[in-house]
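Undergrad: I would like the atomic coordinates for the input below:
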Amino acid sequence: MPEARAKGARLRERFAVTGLIVVDGRVAGVRGAGPDGPVDLHARVVVGADGRNSTVARLVKASVLEDRGILARSLYGYWRGTAERGVRVVFRGRRGIFLWPTNGDLTVVSLVFPPEEAPAPGRTARDAFYMSSLREVPEVGQALASADLVSQPRSAAVRNARRHVHGPGWVLAGDAGHHKDPVSAQGISDAFADAAVLADALDAGLSGSLGLDEALAGYSATRDAQRLAAFAYTCQQAELRPFTAEFLDDLTRTAADERAVEAFVNTFVGCDAPSDAGWLGESH
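TA: Residues are numbered from 1 along each chain as shown. Reported below is the predicted structural model:
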């Protein structure tokens, strides 16, 4: 942020956008309120980079191009004292269990399952479902045998959807325009990729080397070219359907080659992996 400020950016903290300024059918700024009261901010372009529940997307009534709904639900908790510190991923039927080490000597243990297998309403039923599902898997039970759950299990569910991302005077970036299940761990990479492409488009449109609407349309086309295959793949993986024999054969061959493992993981999480890159290459 200091670098952005040095280039002339102004940061308004604790500021909420409440409406849009529209002039002759074009978005020309936002209305909002902060610590100093209400204010109108004028701009040639309003960028909505405000997440999957984007206020900008709602205000401009950005159309939904594709909505595959919620394909998986999850429960997760933080554990202390697990028997192993590495990453472990276990699939049983259409359930997945993920152990991820995190800060403070804690391990996040996530249970992912189809929406139709959701527990009965209420915290007691939810917690019992989480604990029993973990105990049913021997290797997970062993890893957690001497561990303590130090947080209340929490629930999460993500709708897989993408929006039209530009119009007269407005554009969406990151999760505001395209959101998918975290199974492929591409959300942050997608946001950085959007920012890079959109920055070039805005530079072209605001400098006059391209018409602004043309530049934003180009950004939209590039975003779709980068995302659509990964969107479809992520939705497929989020359903946790049984692996095909062909996929398992490919996975066995991949596991025998360290560089192939790197390439597989990089592709899965949406990272670039130049030939001289190390593990996980470089994020978009």
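Undergrad: contacting residues around Glu139?
TA: Glu139 makes contact with Arg88, Val90 under the criterion C-beta atoms under 8 Å, 6 or more residues apart in numbering. C-betas here are computed from N, CA, C, even on glycine.
Undergrad: mind listing what the longest strand seen in the chain pairs with, with the direction of each?
TA: Ordering each strand of the chain by length in residues (DSSP state E) puts strand 64-80 first. Each strand paired with strand 64-80, and its direction, by DSSP bridges: strand 106-113 (antiparallel), strand 148-149 (antiparallel), strand 154-163 (antiparallel).
Undergrad: just the buried residues of that strand, please?
TA: Buried residues in strand 64-80, counted by 16 or more other C-beta atoms under 10 Å: Arg68, Leu71, Ala72, Arg73, Ser74, Leu75, Tyr76, Gly77, Tyr78, Trp79.
Undergrad: what's the neighbour count on the closest residue to the fourth one other than its chain neighbours?
TA: By that I understand Arg73. Closest residue to Arg73 apart from its sequence neighbours, by C-beta to C-beta, 6 or more residues apart in numbering: Ala157 at 4.6 Å. Residues near Ala157, counting by other C-beta atoms under 10 Å, number 13.
Undergrad: may I see the buried residues of the longest helix along the chain?
TA: Longest helix of the chain, by residue count under DSSP state H: helix 212-238. Buried residues in helix 212-238, counted by 16+ other C-beta under 10 Å: 212, 215-220, 222-223, 226-227, 230-231, 233-235, 237-238.
Undergrad: so what are the domain limits for the protein?
TA: Here the domain parsing of the chain from automatic domain parsing is 2-63+164-238, 69-158, 245-283.
Undergrad: gap between the nearest residue to Pro114 once chain neighbours are set aside and Val46?
TA: Ranked by C-beta to C-beta, 6+ apart and with sequence neighbours excluded, the top spatial neighbour of Pro114 is Arg94, at 5.1 Å. In this view, Arg94 and Val46 are 42 Å apart by C-beta to C-beta, to the nearest Å.
Undergrad: quick one, which of the two is more surrounded?
TA: Val46 (23 against 15).
Undergrad: now do the contacts for that one.
TA: Listed by C-beta under 8 Å, 6+ apart, the contact set of Val46 reads Leu20, Val27, Gly29, Val30, Val56, Gly169, Trp170, Val171.
Undergrad: and Val56, by the same measure?
TA: Neighbours of Val56 in contact, by C-beta under 8 Å, 6+ apart: Val17, Leu20, Val30, Val46, Val47, Gly48, Asp50, Ala62, Trp170, Leu172, Ala176.
Undergrad: what strands flank the helix or strand where the first one lies, and is each parallel or antiparallel?
TA: Secondary structure from DSSP states H and E places Val17 in strand 16-23. Within its sheet, strand 16-23 is paired with strand 26-34 (antiparallel), according to DSSP bridges.
Undergrad: average pLDDT for the helix or strand just after the partner strand?
TA: Counting by DSSP H and E, the next helix or strand C-terminal to strand 26-34 is strand 37-42. Across strand 37-42, pLDDT averages out at 96.
Undergrad: got the contact list for strand 37-42?
TA: Outside strand 37-42, the residues that touch it by C-beta under 8 Å, 6+ apart are Thr18, Ile21, Ala28, Gly29, Val30, Arg31, Gly32, Ala33.
Undergrad: how about 10 Å then?
TA: 10, 12, 15, 17-19, 21, 23, 28-33 (C-beta atoms under 10 Å, 6 or more residues apart in numbering).
Undergrad: tabulate the residues you listed (TSV), appending pLDDT, distance to Val109 and neighbour count.
TA: Converted to TSV, those look like this (pLDDT from 0 to 100; distance: C-beta to C-beta, whole Å; neighbours: other C-beta atoms under 10 Å):
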residue	pLDDT	distance to Val109	neighbour count
Arg10	88	42	7
Arg12	90	39	12
Phe15	94	37	15
Val17	96	37	17
Thr18	95	40	12
Gly19	97	43	13
Ile21	98	47	16
Val23	97	52	11
Ala28	98	49	20
Gly29	97	46	18
Val30	97	41	23
Arg31	97	44	14
Gly32	96	40	17
Ala33	96	41	13
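Undergrad: specify which member of those residues is nearest to Ser146.
TA: Nearest to Ser146, judged by C-beta to C-beta, of those is Phe15 at 47.6 Å.
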